[in-house]
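1. sequence plus predicted model, see below.
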Amino acid sequence: MGDGAGTGAGAGRPRVFVARVIPEDGLAPVLAACDARVWEDELPPPRADLLRAIEGCDGVLTLLTDRVDDEFLDRAGPQLKVVSNYAVGFDNIDVPACTRRGIPVGNTPGVLTETTADLAWALIMAAARRLPEGDRYVRASRWKTWGPMLLLGPDVYDATLGIVGFGRIGQAVARRAMGFGMTILYHDVSQLPVEVEAAYGATFVPLEELLARSDFVSLHVNLTPETRQLMNAERLGWMKPSAVLVNTSRGPVVDPRALYDALSRGGLFAAALDVTDPEPIPLDDPLLTLDNCLVVPHIASASRATRGKMGAMAAANLLAGLRGERLPTPVNPEVYEGR
């Protein structure tokens, strides 16, 4: 564990723990204002180290890999004022437990919408045109000539795209699909206003219809009890054998065993995953044996600009909480009721 450049125990400076090195846009203001300890290893802090590091802290800046629960909050102590999550998602945090203790939780929404949509679109294109397979084919010295049947895949242009979860990111993916002349279907917990549908040329349909009609299905839902293993064997069976499934949401939204079965027996043409269950995916996972399953290491927000903006937002939430001010982007605004 490292203390980070600029760390010091200045008089009156709040104590904080930063659970990983984040971009300078976020780290610099935290180090300037706080007595900060930073976990400098590439891997997240083991649970025992995490619990020791947060003892007596006034604030903590966490990542999705850091579980914040009653045990965490007890070890931190009653002086803990804020938990700032360097992520849009917060399924690593027991938000009701924090709210019961009056601790605001912050996240970094909105800033990674376009970057995540870019990655979802890259996965759609890469899976359809079999780019990873083509690269491996060349590197294995198998490319001997042009062949009329070599690495054929589906067209993206003029195909049907089904978007499950039509929030900011889902809508950003739809906007890209419009440029490819795609028919856009969507499913969400409720139908959106007509003007929103018109803006994206999107049509609301039941999930079963979306899966049955779509050539590409892109998942953009939060992880909740209702969406855990949303894509199970039954629902994967509703999809076309020629279809491509893309997941940039959360790994547990897809049942990995059911996905392997569908891909290996020809029930789906391909899948492209930015997230897996578990994460990281073990090297002996059967999905990694399939040429028609593309897996990348949770890089949807991995542009320099976006990660920097996430850092700045996480720092702003952390510092506001330490000052006793309302967080710019609170997950649990109800914590401020009655104050």
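-> Received, thanks.
2. quick check: the gap between the residue nearest the centre of the chain and residue 276.
-> In the chain, the centroid-proximal residue (Cα atoms, centre = their mean) is residue 249; its distance is 5.0 Å. Residue 249 is 12 Å from residue 276, where distance means Cβ to Cβ, to the nearest Å. Where you see a C-beta, it was placed from the backbone N, CA and C, and this is true even at glycine.
3. enumerate every residue touching the residue nearest to the centre of the chain.
-> Residues near residue 249 by Cβ atoms under 8 Å, 6 or more residues apart in numbering: 165, 219-223, 227, 275.
4. pLDDT added to those, as a markdown table?
-> What follows is the contacts of residue 249, written out as a markdown table (pLDDT from 0 to 100):
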| residue | pLDDT |
| --- | --- |
| 165 | 98 |
| 219 | 98 |
| 220 | 98 |
| 221 | 96 |
| 222 | 91 |
| 223 | 90 |
| 227 | 97 |
| 275 | 98 |
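5. from these, which ones fall inside strands?
-> Those of these mapping onto strands are residue 219, per DSSP state E.
6. which of the contacts of residue 249 has the most neighbours?
-> residue 220 (26 neighbours; other Cβ atoms under 10 Å).
7. so how far is residue 161 from it?
-> Distance from residue 220 to residue 161, by Cβ to Cβ: 12 Å.
8. list residues touching both of those two?
-> Both residue 220 and residue 161 are contacted by residue 173, under the criterion Cβ under 8 Å, 6+ apart.
9. hmm, back to that, including distance to residue 320, could the contacts of residue 249 go into TSV?
-> TSV is the format used below for these (distance: Cβ to Cβ, whole Å):
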residue	distance to residue 320
165	29
219	32
220	29
221	29
222	24
223	26
227	30
275	29
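10. pick the one among the contacts of residue 249 closest to residue 326.
-> For those, the residue nearest residue 326 by Cβ to Cβ is residue 222; the value is 23.1 Å.
11. which residues touch the closest one?
-> 89, 91, 165, 249-250.
12. burial count for residue 146?
-> Residue 146 is flanked by 6 other residues according to other Cβ under 10 Å.
13. any idea of the pLDDT on it?
-> Note for residue 146: predicted pLDDT of 95.
14. quick one on the thing from earlier: quick check: of the contacts of residue 249, which lies closest to residue 175?
-> Proximity of those to residue 175 (Cβ to Cβ) peaks at residue 220, which lies at 12.9 Å.
15. distance of that closest one from residue 174?
-> Noted for residue 220: a distance of 10 Å to residue 174, by Cβ to Cβ.
16. pull up the overlap in contacts between the two.
-> Contact with both residue 220 and residue 174 is made by residues 163, 166, according to Cβ under 8 Å, 6+ apart.
17. any weak-confidence spans in the chain?
-> 1-11 (pLDDT under 70).
18. so in it, which helix runs the longest?
-> If you go by DSSP state H, the chain has its longest helix at helix 304-322.
19. can you tell me what sits against that helix?
-> With Cβ under 8 Å, 6+ apart, helix 304-322 has contacts from 14, 16, 22-27, 29-30, 33-34, 58-59, 61, 81-87, 104, 106-108, 111-112, 115, 301, 326-330.
20. starting at the chain centroid, how far to that helix?
-> Remark: helix 304-322 is offset 17 Å from the chain centroid, using Cα atoms, centre = their mean, to the nearest Å.
21. same check, this time on stretch 238-251
-> Counting by Cα atoms, centre = their mean, stretch 238-251 comes out at 16 Å from the chain centroid.
22. for that stretch, output the C-alpha coordinates as PDB.
-> Output in PDB follows, covering the C-alpha atoms of stretch 238-251 (Å, rounded to 0.1, in the frame of the first residue of the first chain):
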ATOM      1  CA  TRP A 238     -35.900 -16.900 -28.300                       C
ATOM      2  CA  MET A 239     -33.100 -15.300 -30.300                       C
ATOM      3  CA  LYS A 240     -32.300 -16.100 -34.000                       C
ATOM      4  CA  PRO A 241     -29.500 -18.600 -34.600                       C
ATOM      5  CA  SER A 242     -28.000 -15.900 -36.800                       C
ATOM      6  CA  ALA A 243     -28.100 -13.200 -34.100                       C
ATOM      7  CA  VAL A 244     -25.300 -11.500 -32.100                       C
ATOM      8  CA  LEU A 245     -25.600 -10.700 -28.400                       C
ATOM      9  CA  VAL A 246     -23.600  -7.800 -26.900                       C
ATOM     10  CA  ASN A 247     -23.300  -7.100 -23.200                       C
ATOM     11  CA  THR A 248     -21.700  -3.900 -21.900                       C
ATOM     12  CA  SER A 249     -23.900  -3.700 -18.800                       C
ATOM     13  CA  ARG A 250     -23.000  -6.100 -16.000                       C
ATOM     14  CA  GLY A 251     -21.800  -9.700 -16.300                       C
END
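23. for it, buried residues please.
-> With burial defined by 16 or more other Cβ atoms under 10 Å, the residues of stretch 238-251 counted as buried are 238-240, 243-251.
24. what sits against the closest residue to residue 287 other than its chain neighbours?
-> Leaving out its chain neighbours, the residue that sits closest to residue 287 by Cβ to Cβ, 6 or more residues apart in numbering is residue 293, at 4.9 Å. Residues near residue 293 by Cβ under 8 Å, 6+ apart: 259-260, 263, 270-273, 287.
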